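Asker: Test case, fold it:
(2 chains, ligands or ions: 2)
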Amino acid sequence: MASFLALMLEYWPQVLSGLGNTLLLAAVISVTGLAGGVVVFYLAISGGPLRRRLTEGYISFFIGTPLIVLLFLMYYGLPQWGLKLTPFTVAVIGFTLNVAAYNARYLMTAFRGLDPDELQAARAQGFSDLQVFQLVILPQVMRLSVPALTNQVILNLKDSSIAFLIQYAEFFAQMQDLAIRSFRFLDAYLVAGAVYLALVSVVVVAARWLERRYVLPGVRRAR
Amino acid sequence: MTLLSVQDLKLEYDGRIILDGVSFDLAQGELKVIMGPSGSGKSTLLRCLNRLATPTGGRVVFEGRDVLGPGVDERALRQRIGFVFQNFALYRHLTALQNVTLALRHLRRMPAAEADERALRQLARMDMQAHAHKYPAQLSGGQKQRVAIARALAMDPAVLFFDEPTSALDPLMSREVVNILHQLRDERVSMLCVTHDLYLARAAGGRVMFLDEGRIHAEGEVDELFGPNADPRVRAFFHQELRQAQTAQPIDAAQPMDQAQPAGPSGPAGLAER
Ligand SMILES: Nc1ncnc2c1ncn2[C@@H]1O[C@H](COP(=O)(O)OP(=O)(O)O)[C@@H](O)[C@H]1O
Ligand SMILES: [Mg+2]
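Answerer: Numbering: from 1, shown residues only, chains lettered A, B, ... in the order given. Ligands and ions are numbered 1, 2, ... in the order given. The predicted structure follows:
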């Protein structure tokens, strides 16, 4: 193990850039996935039955399809039509579509817990549908969904590792490279696991803080 | 002067007649009470008047303008009508003060300081200024309803609609709301109040309309309406209400503060108006 750590030190620029790429991808898809989830959620609740069915279809499709299929389709499939995208672009698009579907589902679930009278009161005050969404629905639904949404960030961090299968040089790809160079597979994967665990712990601490800070008054936390 | 004139208002849902030709006038500064059994169309009537529901026939003239015609700015109309609900319907993620300022800030585009000042004045009028920074979950039912009334009044509406404002309250808290209705009537605020509560109807002292099966069957002062010469329908309703009042729970002064209203079994259906 000690000699593997020495190897990591020797190759630190590679390890560090991998770590940077992992954090970059996880951060980008967490933001775009949340924004996308909010948009899908809005479309789902603001339109008629047709729109609702379409957004439900979107959500079910992307939750039901393995992400790896989508990534391979875009990275190895699309070039056959002459469309060549970088690994990062493919990863961002693929993850965003997928994560947005999950986030939209969490928001829809929280929405069902809102008081319909409150929404009617907001309309009766003269707010537009968009204002009711921005001022009454979204603030409540986001706060009710903090545990689910932050859990999704943790998943994003861990799942970003599969982007290594489409040649994205993230952290796990670099560790894999070191493992092959040194033939120390066990050490490499143990270290990789420990690093992911450490990163996740940071997110967990931040999530706890967010939960405490943004808990809806009068809603008891399940814990 | 007539503020609101309702003429032959009709509403049908899937072939079911909910409102069957309702007509009445509300004068400026007048308080009118609408009573009637559950399901008689009282809430639907109020919702038609601010276009939360769409009637299938009739005319509504409010402040001299036809409200049901095309090209009516329904959001502007709703801002002229303060609506107070049975279940308070306060925004639970906002403090009492923020509940009152939300419309001032986002519909009137009022600067924060001005909105706060105005909201605090309305909360003071409801004797709620001490609770301005509490969340709905930290208030009793009566206090929540007073915040809801302050929220409605802050927009300077031409009329206040109440939809069973005391039905979710125990008798002690009902009294707080009844006192406020009294106070507002003395200030000549125009009000239309739907209620089940005979005590409220009597204390409010306005004219009472009796709605049943989508029609107004009787109109008059409380005492003549529910007196010995009453319409048999009214009498049946009256007896039933009295019976319920007698079997009602005794006042529990030690009510828990957090009487969170559970959402309906299915939750909200969506943003779209139906
Ligand atoms: N959104 C709706 N869809 C179908 N029926 C409704 C709806 N709202 C009210 N109704 C029906 O209209 C009738 C009148 O309801 P409502 O106005 O709530 O009565 P009240 O307020 O007097 O108890 C009831 O029979 C109710 O079932
Ligand atoms: Mg009703």
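Asker: Quick one: end-to-end distance for stretch B:46-57.
Answerer: End-to-end distance of stretch B:46-57 (C-alpha to C-alpha, to the nearest Å): 15 Å.
Asker: what's the answer for stretch B:77-84, then?
Answerer: 16 Å.
Asker: Show me how far that stretch is from its chain's centre.
Answerer: 10 Å (C-alpha atoms, centre = their mean, to the nearest Å).
Asker: Do any residues in that stretch lie close to chain A?
Answerer: Yes: Stretch B:77-84 is in contact with chain A by C-beta under 8 Å from any C-beta of the partner chain, via B:Leu77, B:Arg78, B:Gln79, B:Ile81, B:Phe83. (C-beta placed from N, C-alpha, C; glycine too.)
Asker: helix or strand for the second one, which one?
Answerer: Right, B:Arg78. helix B:74-79 (DSSP states H and E).
Asker: Could I get the phi/psi values of the residue in chain A that chain B sits nearest to?
Answerer: Residue nearest to chain B within chain A: A:Gly218 (2.4 Å; C-beta to the nearest C-beta). Note on A:Gly218: backbone dihedrals following degrees, to the nearest 10 are phi 90, psi -10.
Asker: go on, B:Ala218?
Answerer: phi -160, psi 150.
Asker: Verify the stated contact: it with B:Val234.
Answerer: Yes: counting by C-beta atoms under 8 Å, B:Ala218 touches B:Val234, with 5.4 Å between them.
Asker: between these two, which one's more packed in?
Answerer: B:Val234 (20 against 17; other C-beta atoms under 10 Å in any protein chain shown).
Asker: And that one, how close does it get to A:Arg105?
Answerer: Distance of B:Val234 to A:Arg105, computed by C-beta to C-beta, to the nearest Å: 51 Å.
Asker: what's next to the helix holding B:Arg78, contact-wise?
Answerer: A:123-128, B:50-52, B:62, B:67, B:103, B:107, B:155, B:157 (C-beta atoms under 8 Å, 6 or more residues apart in numbering or on different chains).
Asker: which other helices and strands contact the longest helix along chain A?
Answerer: Identified as the longest helix of chain A according to DSSP state H is helix A:12-46. Using 3 or more C-beta pairs under 8 Å, 6 or more residues apart in numbering or on different chains; DSSP states H and E, the elements in contact with helix A:12-46 are helix A:49-64, helix A:87-111, helix A:146-159, helix A:171-182, helix A:185-214.
Asker: quick one: buried residues of that helix?
Answerer: Neighbour counts over helix A:12-46 (16 or more other C-beta atoms under 10 Å in any protein chain shown) mark A:14-15, A:18-19, A:21-22, A:25-26, A:28-30, A:32-34, A:36-38, A:40-42, A:44-46 as buried.
Asker: Ok, stretch A:109-118 next?
Answerer: Those would be A:Ala110, A:Phe111, A:Leu114, A:Asp115, A:Pro116, A:Asp117, A:Glu118, for stretch A:109-118 by 16+ other C-beta under 10 Å.
Asker: Report the separation between the closest residue to B:Val22 other than its chain neighbours and B:Gly15.
Answerer: Nearest residue to B:Val22, sequence neighbours excluded (C-beta to C-beta, 6 or more residues apart in numbering or on different chains): B:Leu9, at 4.4 Å. According to C-beta to C-beta, B:Leu9 and B:Gly15 sit 18 Å apart.
Asker: Could you pull out the strands in the stretch 51-200 of chain B for me?
Answerer: B:57-62, B:65-66, B:81-84, B:159-163, B:191-194 (DSSP state E, counting those that start in this stretch).
Asker: surely B:Met128 meets B:Arg146?
Answerer: Yes: contact criterion C-beta under 8 Å: B:Met128 and B:Arg146 qualify, at 5.1 Å.
Asker: Which one of these two is surrounded by more residues?
Answerer: Taking other C-beta under 10 Å, B:Met128 and B:Arg146 do not tie; B:Arg146 has more neighbours (27 against 22).
Asker: State the number of residues packed around residue 85.
Answerer: Going with chain A. The burial count assigned to A:Leu85 is 15, neighbours taken as other C-beta under 10 Å.
Asker: try chain B instead
Answerer: Using other C-beta under 10 Å, B:Phe85 has 24 neighbouring residues.
Asker: quick one: which of B:Leu9 and B:Gly15 has more around it?
Answerer: Neighbours were counted for B:Leu9 and for B:Gly15 using other C-beta under 10 Å; B:Leu9 has more, 24 against 5.
Asker: Direction included, what does the helix or strand that that one is a member of pair up with?
Answerer: If you go by DSSP H and E, B:Leu9 is part of strand B:2-13. Here strand B:2-13 is paired, per DSSP bridges, with strand B:16-27 (antiparallel), strand B:57-62 (antiparallel).
Asker: thought the residue nearest to B:Val22 was touching B:Thr54?
Answerer: No: here B:Leu9 does not reach B:Thr54: they are 11.2 Å apart, not a contact under C-beta under 8 Å.
Asker: Quick check: neighbours shared by those two?
Answerer: B:Cys48.
Asker: how close does the residue lying closest to B:Glu63 once chain neighbours are set aside get to B:Arg80?
Answerer: Using C-beta to C-beta, 6+ apart and skipping the chain neighbours, the partner closest in space to B:Glu63 is B:Ala158 (6.0 Å). From B:Ala158 across to B:Arg80, the span is 5 Å (C-beta to C-beta).
Asker: hey, what's in contact with both of those two?
Answerer: Overlap of the contact sets of B:Ala158 and B:Arg80 (by C-beta under 8 Å, 6+ apart) consists of B:Phe62, B:Glu63.
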